[in-house]
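K.L.:
Give me a 3D structure for the following:
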Amino acid sequence: MSRIGKLPVAVGAGVTITVDDQSVVTVKGPKGTLSQKVSPEMQLEQTDGQLLVKRPSDNKQHRALHGLTRSLINNMVVGVTNGYEKKLEIVGVGYKATLNGSTLVVNVGYSHPVEFKAPEGISFEVPAPTRITVKGIDKQLVGQMAADIRITRPPEPYKGKGIRYEGEYVRRKEGKTSKK
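P.N.:
Alright, predicted model coming up:
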């Protein structure tokens with residue numbers, strides 16, 4: 001039995017989960033609404049504040065879909081109740097970020113500033129010039145947006161300059177040495 005799949009999804013107060021006949025799960029909560037198509041083979045049972053995901057058989061594909069379906073639904077429930085956020089740090093002399101309306105402008109050593117327009121459901125915060133916070137209710141979209149920002153200047157191993165996730169460890173390398 002899947003360890004993740006057999007766990008119930010806790011549905012808090014103010015959250016409603018509906019499943020239509022095309023296996024599209026819609027979760028509505030205080031922060032918004034999310035929809036996700038899941039496998040029609042998975043059976044969803046809703047009982048007093050919990051949602052259980054059950055699989056029809058023990059074949060390999062059903063075992064894989066069991067945990068996946070449960071995780072996707074749980075991420076939607078957490079997103080519409082609490083939301084998700086990813087924090088990024090900018091390291092480097094002259095590297096900074098600013099917010100221009102809903103557009104994030106990042107200066108990281110290129111000849112031009114790099115701009116990121118916030119897609120629907122995503123918001124940016126810049127509490128300090130070297131800190132960026134990406135917020136939203138869709139876990140996948142928040143993670144993808146944070147990865148897109150980071151990839152403009154990933155941290156390099158010699159000086160550690162670049163954009164990194166908060167708390168990310170960057171392994172440093174020793175530079176060239178001269179022979180004498």
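
K.L.:
can you give me the helices for the chain?
P.N.:
When secondary structure is read from DSSP state H, the chain shows helices at 60-81, 139-151.

K.L.:
Could you check the longest one and say which residues are buried?
P.N.:
When you say that, I think you mean helix 60-81. Judged by neighbour count using 16 or more other CB atoms under 10 Å, the buried positions of helix 60-81 are 62, 65-81. C-betas here are computed from N, CA, C, even on glycine.

K.L.:
for stretch 111-123, same thing?
P.N.:
The neighbour-count check on stretch 111-123 (16+ other CB under 10 Å) flags 116, 118, 121-122 as buried.

K.L.:
In TSV, list these along with pLDDT.
P.N.:
Listed next are these as TSV, based on pLDDT from 0 to 100:
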residue	pLDDT
F116	96
A118	94
G121	90
I122	94
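
K.L.:
Among those residues, which pair sits farthest apart?
P.N.:
F116 and G121 (14.2 Å; CB to CB).

K.L.:
Out of the helices of the chain, which gets the lowest mean score?
P.N.:
Lowest mean pLDDT of those: helix 60-81, a mean of 93.

K.L.:
Could you list the low-confidence segments of this structure?
P.N.:
Along the chain, segments meeting pLDDT under 70 span 1-2.

K.L.:
R153 - how many residues pack around it?
P.N.:
By the criterion of other CB atoms under 10 Å, R153 has 21 neighbours.
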